[in-house]
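Colleague: sequence unknown, structure follows:
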């Protein structure tokens, strides 16, 4: 009768060592998920900026009563007043527009982020199955 010098602890350690050798890091999955996240994030950023750029057009159409003649009259009025203003007032108006654009981008992005993240997580979870 031979003695077995391998204990259950040794067998568990050998099994864990074999599993760690057999399962290398899944680089292809990591890279594909990273590319998917980058593509979706780019789409999120582009659509957010397009929504923000559409807000002034929507605003001017709304106050003109959806009449294109009145819309272009209002734009002409703003353009003439801008060109006729002093340089300091033009710079102040440009600064206000930049601040308003930045604030609108941030607000729209914050409003859309929860849905974007939940859809991204759901899509990545479905890809793992």
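Modeller: Perfect, thanks for sending it. Just so it is clear, the model here is predicted, and its values are computed rather than measured.
Colleague: Settle this for me: residue 52 is touching residue 105, isn't it.
Modeller: Yes - Residue 52 lies in contact with residue 105 (CB atoms under 8 Å); the separation is 4.9 Å. C-betas here are computed from N, CA, C, even on glycine.
Colleague: hey, what's in contact with both of these two?
Modeller: Shared between the contact lists of residue 52 and residue 105 (criterion: CB atoms under 8 Å, 6 or more residues apart in numbering) there are no residues.
Colleague: Packing partners of the longest helix that the chain contains?
Modeller: As assigned by DSSP state H, the longest helix anywhere in the chain is helix 87-128. When contacts are defined as 3 or more CB pairs under 8 Å, 6 or more residues apart in numbering; DSSP states H and E, helix 87-128 packs onto helix 27-63.
Colleague: who's in contact with whichever helix or strand comes after the helix it packs on?
Modeller: Heading C-terminal from helix 27-63, the first helix or strand you meet, by DSSP states H and E, is helix 68-84. Outside of helix 68-84, the residues that reach it under the criterion CB under 8 Å, 6+ apart are 60-61, 63-64, 90, 93.
Colleague: Report the angle between helix 68-84 and helix 27-63.
Modeller: Interaxial angle, helix 68-84 versus helix 27-63 (axes from the mean of the first three to the mean of the last three CA atoms, to 10 degrees): 100 degrees.
Colleague: in helix 68-84, what counts as buried?
Modeller: Neighbour-count burial for helix 68-84 flags residue 71 (criterion: 16 or more other CB atoms under 10 Å).
Colleague: can you check stretch 117-126 too?
Modeller: Under the neighbour-count criterion of 16+ other CB under 10 Å, stretch 117-126 has residue 120 buried.
Colleague: give the contact list for residue 119.
Modeller: For residue 119, no contacting residues are found, by CB under 8 Å, 6+ apart.
Colleague: Show me how to select, in PyMOL, the buried members of the contacts of helix 68-84.
Modeller: Buried residues within these, by 16+ other CB under 10 Å, are selected in PyMOL with:
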select buried, resi 64
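Colleague: This completes my enquiry, with thanks.
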